[in-house]
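Student: compute the structure for the input listed below.
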Amino acid sequence: MRVVVDARMLRGWTGIERYLMELLRQLPAAAHDLHLLATVQPRDLDRLSDLASDVEPIVVDAPPFSAAEQHRLPRVLRRTGADLVHFVAPNAPLAPVGPRVTTFHDLTLLDFPETVRGAAARAKLAVLRGVMAHGVRVSRLILVPSRATADALERRFPAARGKIRVTHLAGPDAGHSAPWAPSVEPYLLHVGNAYPYKNLDRLVCAFAKVAATRQGLRLVLAGNPDEHHRRLAARAAALGVGDRVRLAGRVSDAELHTLYAGASLVVM
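Tutor: Model (predicted):
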């Protein structure tokens, strides 16, 4: 069976990137009857080779959310003769590409449109709504990471009913993870972007209350440093715990394993 995974989000897409990495690493070993192919952007060819050398690359210059995604990518996909195409996010071609499965991680862009800034970005969001609705209609199967996403998808797109399967996300193979080893100085850990819908302002406020009774406790925020992280740092300073909140920035996989292994609590 020939299956194409759309891997054009293999660099710079945080959670989706992680999902893709683990999917490409694990699928070949999990299903020996698959001939696995992956569409990648030219810049990511080496990255795919390092991740999964047994996955056949299909290089296509069609960045996510671009016009080429709609006119160039479908032609490339049809030429593969694939039995199935797996889109790991709902930005997918409107044109027919054969049987498809689509992963919807969340409906954040639709539920929190205020996070999209600028007229051009808002116009793209309007187009994305139509693309998502089309993806729901034509997908044979829809994968979601939680029951909450499944419920939200069914409410917004009734055509999704009966097609959804909840497939909980997993981390790397346990053999690659460090054993739990609490830090000498206990800390709470959050990993991810700090967009307002993540509700990290409330986390900082809650930490300030808890920190008053636990003098050694710290809060570590790992993720791409941006204006949102700086806003949280200012909030922590205003609450008197600025010196106990660490902005770790974007960390390597090895650093991430260490942070997870040493945390007293991971907060989401």
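
Student: quick check: buried residues in stretch 1-9?
Tutor: The neighbour-count criterion (16 or more other CB atoms under 10 Å) identifies 3-9 as the buried residues of stretch 1-9. Backbone N, C-alpha and C define where each C-beta goes, glycine included.

Student: between those residues, which is closest to G135?
Tutor: Using CB to CB, D6 is the member of those that sits closest to G135, with 11.6 Å.

Student: give me the phi and psi for the closest one.
Tutor: Note on D6: its backbone torsions stand at phi -80, psi 100 [degrees, to the nearest 10].

Student: how close does it sit to V144?
Tutor: Noted for D6: a distance of 17 Å to V144, by CB to CB, to the nearest Å.

Student: ditto for G12
Tutor: Here G12 is placed at a distance of 23 Å from V144 (CB to CB).

Student: who has more neighbours out of those two?
Tutor: Each of G12 and V144 had its neighbours counted (other CB atoms under 10 Å), and the higher figure belongs to V144 (24 against 11).

Student: for the more buried one, which non-adjacent residue is spatially closest?
Tutor: Across the structure, with CB to CB, 6 or more residues apart in numbering as the measure, the residue nearest V144 apart from its sequence neighbours is A150 (4.9 Å).

Student: just P145 next, same as before
Tutor: Using CB to CB, 6+ apart and skipping residues adjacent in sequence, the residue nearest P145 is L169, 4.8 Å away.

Student: how far away is the one you found from V210?
Tutor: If you go by CB to CB, the gap between L169 and V210 works out to 28 Å.

Student: ok, now which ones touch the residue lying farthest from the centre of the chain?
Tutor: No residue in the chain has its C-alpha farther from the mean C-alpha position than T213, which lies at 35.3 Å (CA atoms, centre = their mean). By CB atoms under 8 Å, 6 or more residues apart in numbering, the contact set of T213 is empty.
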